[in-house]
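Chemist: Next comes the sequence, and after it the predicted model I'd like to discuss.
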Amino acid sequence: MASLSSWFTHPALTHAGSEEIRTRLGISPNHSSFRTGVLRTHLLTALFTHSAARHLGSRAHVVVRWDDSDNRRSRDEHRQDLLDELTQIARVPIVGEENAFRQSRRGDRYREALRHLAALRLLVTVRGLPCLDVAAVDRFMEAEGVCPESLTACTSVNASVPRAPAQDMVPLMRSDGRALWHLATVVDDIDNRTNLVIRGTDKRGATPIQVRLYWVLSGGWIPPAHLFLPKLLEPGPAAPRVADLLGQGIRPSALRCFLAQPYLSDSTQTTGGTDFSALVDRMRTIFPLRGDSYLDEEHLRSLDRKVSAALNPEEAQQELRTLCPGRPLHVIAWVARHHPRPLPQQSRLCRALTDAVIDYEPPPKRSEEAVRWLDAWSRGRAKGPVPHPVRWVLTGQRNGPRASELLEVLPAQLLSVRLVSARQALSRSSAARRRSSVRSLPSSSRDSKSGSPTVRPVTATRTGA
């Protein structure tokens, strides 16, 4: 594979290196949440763009392009949800979203490009549809002293691409007048002055078509550099989307790190920072040799635990605040700093320190002693060190921060509530143990003396039958 330093010097980039490295994220608003592999491509596109700009001493320009020409699937209500995942989960810095291209509103521009191709006699009609005549385009470019195959070859940065289109005639419009992908993408890239295109390796076959279209429609501009990424495959028909993974408690920071991990110089480390700028700093200078891979949810959850333990408290606080809206900020900040655990565990502790009613795990040993000690402590009469089970009394959890620390952050008005709730939990636990012991008594003294006690069966009541 080529090194990143070689693609930083690609003609399409160095030509505009003193100005901006410009790219776009094509988003289809067909669902309220991205497929994980799609968000990965968008994140890596932005990371590589900013990395290139940093090395070349220029600016990075990342914009959104809405691929919404299919009005049967596109929904306006999905736009904000997708933008939130892009900017808040992936943390991609977007430029001028209010001016983003919407392909559904650019029909006149696409038809103008089609008329230009027709004027150059590069179109033919096949079954009533306007198609690009590849042979005619090649003759036109060669007459201008440009070899289309050589231009295509030098456009690709890190992968071999076909030098000629697989089709002799490439459809550019649908029968209903909507532009097809090749035409719409190229016209948008020209208008956006895109000079870096990043897409999956499955799109390599589109390069010879779009390079030719770009050169003709732009009037001979240098086509964008094309960088190809292996795909992240999603096993099974019901593969989780980004919202599904977040709903399972995966941290946004862990998901970002997971998606970018193969291209990080310290990919095995979780302490190098996970926000967007830190990931740019950590990008590899040499591409790894990788093929397509499947979404490994087990590895993602393992990484989530590691990231949670090493995450900057400020970033952990921000993620916890999003998950627990309305909770006191000082409690959120305390939990983020003193309980470096996955988000579901932090969220549960946050609720335990703020809610009047909480759930209790089975009581640990010495729980009664902890209740008595805490009752005395509330009256200023406690003696000796804080018993460990005080943690259970205060939060309902057997594990977590030290009990002495919890006493400092739990609101005073909740202390009496916790004592009442803990006594009730102890009472329920004691009653359950008594019922269990009664059910396990031998059925008769004769059975007991024989050394083979018989467990008396539990008879179903009328309501439980």
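Modeler: Everything's here; your move.

Chemist: Please make it C-alpha for all contacts and neighbour counts, starting now.
Modeler: Will do.

Chemist: now the helices: where do they sit in the stretch 101-250 of the chain?
Modeler: Applying DSSP state H, counting those that start in this stretch to the stretch 101-250 of the chain gives helices spanning 107-119, 134-143, 148-155, 181-192, 207-218, 242-247.

Chemist: for the protein, what spans make up the strands?
Modeler: Using DSSP state E, the strands of the chain run over residues 20-27, 59-66, 101-102, 123-126, 129-133, 169-171, 196-200, 225-229, 232-233, 293-294.

Chemist: got the contact list for the last one?
Modeler: Contacting residues not belonging to strand 293-294 are listed as 230-235 [C-alpha atoms under 8 Å, 6 or more residues apart in numbering].

Chemist: likewise the second one?
Modeler: Outside strand 59-66, the residues that touch it by C-alpha under 8 Å, 6+ apart are 19-29, 46, 49-50, 53, 93-97, 100-103.

Chemist: Now do it: distance to the chain's middle.
Modeler: In terms of C-alpha atoms, centre = their mean, to the nearest Å, the centre of strand 59-66 is set 19 Å apart from its chain centre.

Chemist: what's the most buried one of the strands of the chain?
Modeler: strand 20-27 (a mean of 24; mean count of other C-alpha atoms under 10 Å).

Chemist: Extract the C-alpha set from it and format it as CSV.
Modeler: Extracted C-alpha coordinates of strand 20-27, given in CSV (Å, rounded to 0.1, in the frame of the first residue of the first chain):
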residue,chain,number,x,y,z
GLU,A,20,-8.4,23.8,1.1
ILE,A,21,-8.7,20.0,1.0
ARG,A,22,-12.4,19.6,0.2
THR,A,23,-14.6,16.6,0.4
ARG,A,24,-18.2,15.7,0.9
LEU,A,25,-20.3,13.1,2.8
GLY,A,26,-23.1,11.7,0.7
ILE,A,27,-26.0,10.9,3.1
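
Chemist: Determine the set of other helices and strands touching the lengthiest helix in the chain.
Modeler: Criterion DSSP state H: the longest helix present in the chain is helix 415-439. Contacts defined by 3 or more C-alpha pairs under 8 Å, 6 or more residues apart in numbering; DSSP states H and E place helix 415-439 against helix 367-378, helix 390-395.

Chemist: Export those helices to TSV and append columns for mean pLDDT, distance to residue 89 and mean neighbour count.
Modeler: Below are the helices and strands packed on helix 415-439 laid out as TSV (pLDDT from 0 to 100; distance: least, C-alpha to C-alpha, whole Å; neighbours: other C-alpha atoms under 10 Å):
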stretch	mean pLDDT	distance to residue 89	mean neighbour count
helix 367-378	94	41	17
helix 390-395	95	30	26
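
Chemist: For residue 297, find the nearest of the ones you listed.
Modeler: Proximity to residue 297 (C-alpha to C-alpha) singles out helix 390-395 among those, at 30.2 Å.

Chemist: which residues sit against that closest one?
Modeler: Counting by C-alpha under 8 Å, 6+ apart, helix 390-395 makes contact with 349, 352-353, 358, 360-361, 363-364, 367, 370-371, 374, 397-403, 406, 410, 415, 418-419, 422, all of which sit outside it.

Chemist: Turn the contacts of strand 293-294 into TSV, columns for distance to residue 385 and pLDDT.
Modeler: What follows is the contacts of strand 293-294, written out as TSV (distance: C-alpha to C-alpha, whole Å; pLDDT from 0 to 100):
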residue	distance to residue 385	pLDDT
230	58	92
231	57	91
232	53	90
233	54	87
234	53	80
235	53	77
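
Chemist: Out of the residues you listed, the closest to residue 246 would be?
Modeler: Looking across the contacts of strand 293-294 and measuring by C-alpha to C-alpha, the closest to residue 246 is residue 234, at 16.2 Å.

Chemist: Distance of the closest one relative to residue 296?
Modeler: As judged by C-alpha to C-alpha, to the nearest Å, residue 234 and residue 296 stand 9 Å apart.

Chemist: okay, the two: which has more neighbours?
Modeler: residue 234 (17 against 13; other C-alpha atoms under 10 Å).

Chemist: follow-up on the earlier one: are any of the contacts of helix 390-395 buried, and which?
Modeler: Among these, those scoring as buried are 349, 352-353, 358, 360, 363, 367, 370-371, 374, 397-398, 400, 402-403, 406, 410, 415, 418-419, 422 (criterion: 16 or more other C-alpha atoms under 10 Å).

Chemist: How is the chain partitioned into domains?
Modeler: For the chain, automatic domain parsing gives the domain ranges 4-103+136-166+176-233, 356-439.

Chemist: for those, which one sits closest to residue 300?
Modeler: Among the domains of the chain, the nearest to residue 300 by C-alpha to C-alpha is domain 4-103+136-166+176-233 (11.8 Å).
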